[in-house]
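# dropping the sequence and predicted coords here.
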Amino acid sequence: MARSSTARRLDEALPPSETKRAAFGGGEPPAPPVRPNPTIGSNAWVGTLMFLGAEAMFFAGLIGAYIVFRVGSTIWPPPFQPRLPVDVTGVNTLILIASAVTMRWSLKAVRVNDRKRFVRYLAYTAVLGGIFLLIQGFEWLRLIHFGLTVSSSVYGGLFYTLIGFHGLHVFGALIWLLVVLMRAKQGRFSRASYVGVQTCGMYWRFVVALWPILYGLVYLY
Amino acid sequence: MVWSISTKGVRLTVIDRYASFWLREFMKHRWIVALCSGLMAVLANPLAIQACSVCITDAGDPMTDGFNWSVFFLMAAPYTVVVSIAGALFFGYRRAATKREQTETTEPLMQLAWNDKESGR
(Lines give C-alpha, C1' and ligand atoms only; values in the text may rest on other atoms or scores of the structure.)
Protein backbone atom coordinates (compact mmCIF):
# COMPACT_ATOMS: atom_id res chain seq x y z
CA MET A 1 0.00 0.00 0.00
CA ALA A 2 2.80 2.34 -0.83
CA ARG A 3 0.35 3.90 -3.28
CA SER A 4 -1.73 5.53 -0.54
CA SER A 5 1.28 7.13 1.10
CA THR A 6 2.39 8.97 -2.01
CA ALA A 7 0.98 12.23 -3.28
CA ARG A 8 -1.38 11.99 -6.20
CA ARG A 9 -1.18 14.27 -9.20
CA LEU A 10 -4.24 16.42 -9.85
CA ASP A 11 -4.80 15.02 -13.35
CA GLU A 12 -4.27 11.41 -12.26
CA ALA A 13 -7.29 9.10 -12.24
CA LEU A 14 -8.69 8.16 -8.85
CA PRO A 15 -8.13 4.59 -7.62
CA PRO A 16 -11.25 2.36 -7.74
CA SER A 17 -11.90 2.59 -4.00
CA GLU A 18 -12.23 6.35 -4.20
CA THR A 19 -14.49 6.38 -7.22
CA LYS A 20 -17.12 4.15 -5.63
CA ARG A 21 -20.47 5.90 -5.73
CA ALA A 22 -22.53 6.05 -2.57
CA ALA A 23 -25.96 6.29 -4.18
CA PHE A 24 -26.70 2.54 -3.89
CA GLY A 25 -25.86 2.07 -0.25
CA GLY A 26 -22.26 1.84 0.68
CA GLY A 27 -18.95 3.59 0.39
CA GLU A 28 -17.62 6.62 2.11
CA PRO A 29 -19.08 10.10 1.80
CA PRO A 30 -17.56 11.92 -1.14
CA ALA A 31 -14.64 14.19 -0.45
CA PRO A 32 -15.44 17.90 -0.42
CA PRO A 33 -14.86 19.39 -3.84
CA VAL A 34 -11.44 20.92 -4.39
CA ARG A 35 -11.65 24.66 -4.67
CA PRO A 36 -8.99 26.52 -6.64
CA ASN A 37 -7.02 29.32 -5.04
CA PRO A 38 -8.65 32.72 -5.45
CA THR A 39 -7.51 34.31 -8.70
CA ILE A 40 -6.56 37.98 -8.45
CA GLY A 41 -7.42 38.76 -12.03
CA SER A 42 -7.01 37.50 -15.54
CA ASN A 43 -3.65 37.32 -17.29
CA ALA A 44 -4.72 40.27 -19.41
CA TRP A 45 -5.36 42.29 -16.23
CA VAL A 46 -1.89 41.57 -14.85
CA GLY A 47 -0.33 42.21 -18.27
CA THR A 48 -2.08 45.55 -18.57
CA LEU A 49 -0.89 46.44 -15.08
CA MET A 50 2.71 45.80 -16.12
CA PHE A 51 2.20 47.74 -19.35
CA LEU A 52 0.84 50.71 -17.40
CA GLY A 53 3.90 50.54 -15.14
CA ALA A 54 6.13 50.83 -18.22
CA GLU A 55 4.01 53.70 -19.53
CA ALA A 56 4.28 55.48 -16.18
CA MET A 57 8.07 55.20 -16.34
CA PHE A 58 8.05 56.57 -19.89
CA PHE A 59 6.15 59.65 -18.77
CA ALA A 60 8.35 59.92 -15.68
CA GLY A 61 11.34 60.29 -18.01
CA LEU A 62 9.62 63.04 -19.96
CA ILE A 63 8.54 64.83 -16.78
CA GLY A 64 12.10 64.54 -15.44
CA ALA A 65 13.42 66.27 -18.56
CA TYR A 66 10.76 68.99 -18.19
CA ILE A 67 11.71 69.57 -14.54
CA VAL A 68 15.36 70.15 -15.47
CA PHE A 69 14.50 72.97 -17.84
CA ARG A 70 11.56 74.38 -15.90
CA VAL A 71 13.36 74.62 -12.54
CA GLY A 72 16.60 75.55 -14.28
CA SER A 73 15.05 78.60 -15.97
CA THR A 74 14.71 81.85 -14.10
CA ILE A 75 12.16 83.28 -16.58
CA TRP A 76 9.37 80.93 -17.62
CA PRO A 77 7.83 81.05 -20.18
CA PRO A 78 10.75 82.56 -22.10
CA PRO A 79 10.27 86.08 -23.47
CA PHE A 80 8.29 86.53 -26.70
CA GLN A 81 6.61 83.15 -26.29
CA PRO A 82 2.80 82.88 -26.05
CA ARG A 83 1.13 81.96 -22.76
CA LEU A 84 -0.71 78.66 -22.55
CA PRO A 85 -4.53 78.65 -22.43
CA VAL A 86 -5.02 77.76 -18.77
CA ASP A 87 -8.80 78.31 -18.52
CA VAL A 88 -9.87 76.38 -21.60
CA THR A 89 -7.54 73.52 -20.72
CA GLY A 90 -8.93 73.56 -17.16
CA VAL A 91 -12.42 72.97 -18.56
CA ASN A 92 -10.92 70.31 -20.81
CA THR A 93 -9.44 68.64 -17.74
CA LEU A 94 -12.90 68.43 -16.18
CA ILE A 95 -14.23 66.87 -19.39
CA LEU A 96 -11.53 64.21 -19.30
CA ILE A 97 -12.18 63.47 -15.61
CA ALA A 98 -15.89 63.15 -16.42
CA SER A 99 -14.99 60.55 -19.04
CA ALA A 100 -13.26 58.48 -16.34
CA VAL A 101 -16.47 58.63 -14.27
CA THR A 102 -18.60 57.41 -17.17
CA MET A 103 -16.06 54.65 -17.81
CA ARG A 104 -16.46 53.53 -14.21
CA TRP A 105 -20.27 53.53 -14.53
CA SER A 106 -19.93 51.51 -17.71
CA LEU A 107 -17.83 48.89 -15.92
CA LYS A 108 -20.37 48.78 -13.09
CA ALA A 109 -23.13 48.21 -15.62
CA VAL A 110 -21.37 45.32 -17.36
CA ARG A 111 -20.77 43.66 -13.97
CA VAL A 112 -24.52 43.50 -13.38
CA ASN A 113 -25.26 42.54 -17.01
CA ASP A 114 -27.04 45.81 -17.75
CA ARG A 115 -26.11 45.91 -21.43
CA LYS A 116 -28.08 49.05 -22.30
CA ARG A 117 -26.41 51.22 -19.66
CA PHE A 118 -23.06 49.61 -20.36
CA VAL A 119 -23.11 50.59 -24.04
CA ARG A 120 -24.54 54.02 -23.30
CA TYR A 121 -21.85 54.97 -20.76
CA LEU A 122 -19.15 53.57 -23.00
CA ALA A 123 -20.43 55.83 -25.79
CA TYR A 124 -20.45 58.82 -23.40
CA THR A 125 -16.82 58.07 -22.53
CA ALA A 126 -15.83 57.97 -26.18
CA VAL A 127 -17.66 61.25 -26.89
CA LEU A 128 -16.02 63.01 -23.92
CA GLY A 129 -12.59 61.71 -24.97
CA GLY A 130 -13.23 62.93 -28.51
CA ILE A 131 -14.23 66.37 -27.23
CA PHE A 132 -11.03 66.54 -25.17
CA LEU A 133 -8.91 65.75 -28.21
CA LEU A 134 -10.77 68.25 -30.40
CA ILE A 135 -10.29 71.08 -27.90
CA GLN A 136 -6.63 70.17 -27.50
CA GLY A 137 -6.15 70.16 -31.27
CA PHE A 138 -7.90 73.52 -31.59
CA GLU A 139 -5.72 75.06 -28.87
CA TRP A 140 -2.59 73.64 -30.48
CA LEU A 141 -3.51 75.25 -33.80
CA ARG A 142 -3.93 78.59 -32.02
CA LEU A 143 -0.56 78.21 -30.27
CA ILE A 144 1.17 77.39 -33.55
CA HIS A 145 -0.51 80.44 -35.07
CA PHE A 146 0.88 82.58 -32.20
CA GLY A 147 4.39 81.28 -32.86
CA LEU A 148 4.83 78.45 -30.37
CA THR A 149 6.35 75.61 -32.34
CA VAL A 150 8.60 72.67 -31.52
CA SER A 151 11.65 74.54 -32.77
CA SER A 152 10.73 78.00 -31.43
CA SER A 153 12.34 77.38 -28.01
CA VAL A 154 12.96 74.78 -25.32
CA TYR A 155 9.57 75.83 -23.95
CA GLY A 156 7.82 74.89 -27.19
CA GLY A 157 9.80 71.69 -27.61
CA LEU A 158 9.00 70.48 -24.11
CA PHE A 159 5.35 71.47 -24.37
CA TYR A 160 4.73 69.64 -27.61
CA THR A 161 6.72 66.59 -26.53
CA LEU A 162 5.05 66.15 -23.16
CA ILE A 163 1.52 67.17 -24.05
CA GLY A 164 1.82 65.67 -27.52
CA PHE A 165 2.71 62.23 -26.19
CA HIS A 166 -0.21 62.39 -23.79
CA GLY A 167 -2.52 63.39 -26.64
CA LEU A 168 -1.17 60.48 -28.67
CA HIS A 169 -1.95 58.13 -25.80
CA VAL A 170 -5.48 59.51 -25.46
CA PHE A 171 -5.92 59.03 -29.21
CA GLY A 172 -4.76 55.41 -28.93
CA ALA A 173 -7.03 54.83 -25.95
CA LEU A 174 -9.93 56.35 -27.89
CA ILE A 175 -9.40 53.94 -30.80
CA TRP A 176 -9.29 51.05 -28.32
CA LEU A 177 -12.45 52.36 -26.69
CA LEU A 178 -14.25 52.58 -30.05
CA VAL A 179 -13.31 48.97 -30.82
CA VAL A 180 -14.65 47.90 -27.41
CA LEU A 181 -17.81 49.94 -28.02
CA MET A 182 -18.34 48.25 -31.37
CA ARG A 183 -17.93 44.82 -29.80
CA ALA A 184 -20.19 45.81 -26.91
CA LYS A 185 -22.93 46.71 -29.38
CA GLN A 186 -22.54 43.25 -30.89
CA GLY A 187 -23.10 41.76 -27.44
CA ARG A 188 -19.62 40.30 -27.07
CA PHE A 189 -19.32 41.22 -23.37
CA SER A 190 -21.25 39.93 -20.41
CA ARG A 191 -20.95 39.65 -16.65
CA ALA A 192 -18.97 36.44 -17.09
CA SER A 193 -16.60 37.80 -19.73
CA TYR A 194 -15.61 41.45 -19.83
CA VAL A 195 -11.81 41.40 -19.72
CA GLY A 196 -11.63 43.53 -22.86
CA VAL A 197 -13.66 46.27 -21.21
CA GLN A 198 -11.72 45.95 -17.97
CA THR A 199 -8.29 46.39 -19.60
CA CYS A 200 -9.53 49.22 -21.81
CA GLY A 201 -10.96 50.89 -18.70
CA MET A 202 -7.62 50.53 -16.92
CA TYR A 203 -5.79 52.19 -19.79
CA TRP A 204 -8.37 54.95 -20.08
CA ARG A 205 -8.21 55.74 -16.39
CA PHE A 206 -4.41 55.80 -16.61
CA VAL A 207 -4.39 58.47 -19.32
CA VAL A 208 -7.05 60.42 -17.41
CA ALA A 209 -5.12 60.21 -14.12
CA LEU A 210 -1.96 61.36 -15.86
CA TRP A 211 -3.50 64.48 -17.32
CA PRO A 212 -4.06 66.53 -14.09
CA ILE A 213 -0.38 65.95 -13.22
CA LEU A 214 0.72 67.23 -16.64
CA TYR A 215 -1.77 70.10 -16.51
CA GLY A 216 -0.51 71.22 -13.11
CA LEU A 217 3.13 70.91 -14.16
CA VAL A 218 3.01 72.43 -17.64
CA TYR A 219 0.11 74.88 -17.46
CA LEU A 220 -0.04 76.00 -13.83
CA TYR A 221 3.51 75.71 -12.42
CA MET B 1 62.93 52.74 -38.21
CA VAL B 2 61.51 51.72 -41.62
CA TRP B 3 58.10 51.11 -43.18
CA SER B 4 57.49 47.76 -44.85
CA ILE B 5 54.56 46.57 -46.96
CA SER B 6 53.48 42.95 -46.62
CA THR B 7 50.38 40.90 -47.41
CA LYS B 8 48.97 41.84 -43.98
CA GLY B 9 49.20 45.53 -44.71
CA VAL B 10 51.53 48.34 -43.84
CA ARG B 11 53.71 47.56 -40.87
CA LEU B 12 56.09 49.69 -38.91
CA THR B 13 59.34 47.91 -38.27
CA VAL B 14 61.59 49.10 -35.54
CA ILE B 15 65.20 48.52 -36.38
CA ASP B 16 66.43 48.92 -32.87
CA ARG B 17 66.16 45.45 -31.33
CA TYR B 18 65.73 46.74 -27.77
CA ALA B 19 62.92 49.08 -28.74
CA SER B 20 61.32 46.29 -30.75
CA PHE B 21 61.45 43.98 -27.74
CA TRP B 22 59.79 46.44 -25.40
CA LEU B 23 57.10 47.32 -27.94
CA ARG B 24 56.29 43.63 -28.41
CA GLU B 25 56.12 43.09 -24.66
CA PHE B 26 53.90 46.15 -24.27
CA MET B 27 51.43 44.97 -26.91
CA LYS B 28 51.08 41.61 -25.21
CA HIS B 29 49.21 43.28 -22.39
CA ARG B 30 46.35 44.90 -24.25
CA TRP B 31 44.52 45.93 -21.13
CA ILE B 32 47.46 48.20 -20.30
CA VAL B 33 47.05 49.82 -23.71
CA ALA B 34 43.33 50.29 -23.09
CA LEU B 35 43.99 51.78 -19.65
CA CYS B 36 46.59 54.16 -21.03
CA SER B 37 44.18 55.22 -23.79
CA GLY B 38 41.45 55.93 -21.23
CA LEU B 39 43.88 57.90 -19.08
CA MET B 40 44.90 59.97 -22.05
CA ALA B 41 41.24 60.68 -22.82
CA VAL B 42 40.69 61.84 -19.22
CA LEU B 43 43.67 64.12 -19.36
CA ALA B 44 42.70 65.48 -22.77
CA ASN B 45 39.11 66.48 -21.89
CA PRO B 46 38.16 65.90 -18.25
CA LEU B 47 34.84 67.81 -18.43
CA ALA B 48 33.28 65.67 -21.16
CA ILE B 49 33.59 62.40 -19.24
CA GLN B 50 32.31 63.54 -15.86
CA ALA B 51 29.49 61.28 -14.70
CA CYS B 52 28.14 63.90 -12.32
CA SER B 53 25.52 65.92 -14.16
CA VAL B 54 25.48 68.77 -11.67
CA CYS B 55 29.27 69.16 -11.50
CA ILE B 56 29.21 71.33 -14.61
CA THR B 57 27.22 74.02 -12.80
CA ASP B 58 27.94 76.08 -9.70
CA ALA B 59 26.18 75.84 -6.35
CA GLY B 60 23.06 77.98 -6.29
CA ASP B 61 22.68 77.87 -10.05
CA PRO B 62 19.03 77.29 -11.06
CA MET B 63 20.17 74.59 -13.48
CA THR B 64 21.71 72.71 -10.54
CA ASP B 65 18.35 72.86 -8.76
CA GLY B 66 16.68 71.64 -11.94
CA PHE B 67 19.00 68.64 -12.15
CA ASN B 68 18.58 67.91 -8.45
CA TRP B 69 14.78 67.97 -8.54
CA SER B 70 14.75 65.88 -11.69
CA VAL B 71 17.06 63.31 -10.08
CA PHE B 72 14.84 63.19 -6.97
CA PHE B 73 11.75 62.74 -9.09
CA LEU B 74 13.26 60.02 -11.27
CA MET B 75 14.61 58.27 -8.18
CA ALA B 76 11.15 58.15 -6.62
CA ALA B 77 9.32 57.15 -9.81
CA PRO B 78 10.25 53.41 -9.94
CA TYR B 79 9.37 52.97 -6.26
CA THR B 80 6.00 54.64 -6.82
CA VAL B 81 5.27 52.41 -9.81
CA VAL B 82 6.30 49.21 -8.03
CA VAL B 83 4.31 50.10 -4.90
CA SER B 84 1.26 50.92 -7.06
CA ILE B 85 1.45 47.57 -8.86
CA ALA B 86 2.00 45.71 -5.57
CA GLY B 87 -0.97 47.56 -4.05
CA ALA B 88 -3.19 46.65 -6.99
CA LEU B 89 -2.17 42.97 -6.67
CA PHE B 90 -2.67 43.01 -2.89
CA PHE B 91 -6.14 44.56 -3.01
CA GLY B 92 -7.05 42.35 -5.98
CA TYR B 93 -6.09 39.26 -3.96
CA ARG B 94 -8.03 40.48 -0.91
CA ARG B 95 -11.11 41.15 -3.03
CA ALA B 96 -10.86 37.70 -4.62
CA ALA B 97 -10.44 36.06 -1.20
CA THR B 98 -13.50 37.87 0.16
CA LYS B 99 -15.52 36.78 -2.86
CA ARG B 100 -14.38 33.21 -2.33
CA GLU B 101 -15.41 33.24 1.33
CA GLN B 102 -18.85 34.45 0.34
CA THR B 103 -19.29 31.59 -2.13
CA GLU B 104 -18.02 29.02 0.41
CA THR B 105 -20.96 29.69 2.74
CA THR B 106 -23.23 27.93 0.26
CA GLU B 107 -23.35 24.12 0.39
CA PRO B 108 -21.44 22.44 -2.43
CA LEU B 109 -23.51 20.41 -4.90
CA MET B 110 -21.60 17.19 -4.24
CA GLN B 111 -22.55 17.33 -0.57
CA LEU B 112 -26.22 17.72 -1.46
CA ALA B 113 -26.00 14.61 -3.64
CA TRP B 114 -24.97 12.53 -0.62
CA ASN B 115 -27.89 10.74 0.93
CA ASP B 116 -27.37 9.22 4.38
CA LYS B 117 -30.51 7.13 4.11
CA GLU B 118 -29.45 5.40 0.92
CA SER B 119 -25.96 4.85 2.23
CA GLY B 120 -27.35 2.81 5.11
CA ARG B 121 -26.45 5.17 7.96
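Perfect, I can see it now. Just so you know, these numbers come straight off a predicted model, no measurement behind them.
# does the closest residue in space to residue B:93 that isn't next to it in sequence count as helix, strand or coil?
Nearest-residue entry for residue B:93: residue A:40, 4.9 Å, with adjacent residues in sequence omitted and distances by Cβ to Cβ, 6 or more residues apart in numbering or on different chains. Placement of C-beta: from N, CA and C, glycine included. Assigned by DSSP: H, G, I helix; E, B strand; the rest coil, the conformation of residue A:40 is coil.
# so residue A:40 touches residue B:85, yeah?
No - counting by Cβ atoms under 8 Å, residue A:40 sits too far from residue B:85 to count as a contact (11.6 Å).
# tell me which element residue 94 is part of?
Unless you meant another one, I'm taking chain A. Using DSSP states H and E, the secondary-structure element containing residue A:94 is helix A:86-111.
# please go with chain B instead
Residue B:94 belongs to helix B:62-104 when elements are defined using DSSP H and E.
# about what we covered before: could you list every helix and strand that the helix holding residue A:94 packs against?
Secondary structure elements in contact with helix A:86-111, counted by 3 or more Cβ pairs under 8 Å, 6 or more residues apart in numbering or on different chains; DSSP states H and E, are helix A:115-145, helix A:195-214.
# so what's the gap between the last one and the chain middle?
Translated: helix A:195-214. 3 Å (Cα atoms, centre = their mean, to the nearest Å).
# not counting its neighbours along the chain, what's nearest the residue of chain B found nearest chain A?
With Cβ to the nearest Cβ as the measure, residue B:66 is the residue of chain B nearest to chain A, at 3.1 Å. Computed as Cβ to Cβ, 6+ apart, the closest residue to residue B:66 that is not its neighbour in sequence is residue A:72, at 3.1 Å.
# low-confidence ranges, chain A, go.
The model of chain A has pLDDT under 70 over residues A:1-30, A:32-38.
# run the last query once more with 50
Under the criterion of pLDDT under 50, the regions of chain A flagged as low confidence span A:1-4.
# what count of nearby residues applies to the residue of it found nearest chain B?
Closest to chain B within chain A is residue A:72: 3.1 Å, counting by Cβ to the nearest Cβ. Residue neighbour count, defined by other Cβ atoms under 10 Å in any protein chain shown, stands at 20 for residue A:72.
# quick one, what contacts it?
Taking Cβ atoms under 8 Å, 6 or more residues apart in numbering or on different chains, we find residue A:72 in contact with B:62, B:63, B:64, B:65, B:66, B:67.
# let's see it at 10 Å
Shown here is residue A:72, whose contacts under the criterion Cβ atoms under 10 Å, 6 or more residues apart in numbering or on different chains are A:154, B:57, B:61, B:62, B:63, B:64, B:65, B:66, B:67, B:68, B:69, B:70.
# ok so, going back, avg pLDDT for the helix holding residue B:94?
Confidence over helix B:62-104 (mean pLDDT, whole number) is 88.
# for the contacts of residue A:72, which PyMOL command selects only the ones that are buried?
The following PyMOL line selects those of the contacts of residue A:72 that are buried, judged by 16 or more other Cβ atoms under 10 Å in any protein chain shown:
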select buried, (chain A and resi 154) or (chain B and resi 63+64+65+66+67+68+69+70)
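# please convert the contacts of residue A:72 to JSON lines, extending it with distance to residue A:49.
Supplementary listing: these in JSON lines, determined by distance: Cβ to Cβ, whole Å:
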{"residue": "A:154", "distance to residue A:49": "35"}
{"residue": "B:57", "distance to residue A:49": "39"}
{"residue": "B:61", "distance to residue A:49": "40"}
{"residue": "B:62", "distance to residue A:49": "38"}
{"residue": "B:63", "distance to residue A:49": "37"}
{"residue": "B:64", "distance to residue A:49": "37"}
{"residue": "B:65", "distance to residue A:49": "35"}
{"residue": "B:66", "distance to residue A:49": "32"}
{"residue": "B:67", "distance to residue A:49": "32"}
{"residue": "B:68", "distance to residue A:49": "31"}
{"residue": "B:69", "distance to residue A:49": "28"}
{"residue": "B:70", "distance to residue A:49": "26"}
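# quick check: residue B:92 touching residue A:198?
No - the pair residue B:92 and residue A:198 fails to qualify as a contact (Cβ atoms under 10 Å) at a distance of 11.4 Å.
# what touches both of these two?
Overlap between the neighbourhoods of residue B:92 and residue A:198 consists of A:41, A:45, taking contacts as Cβ under 10 Å, 6+ apart.
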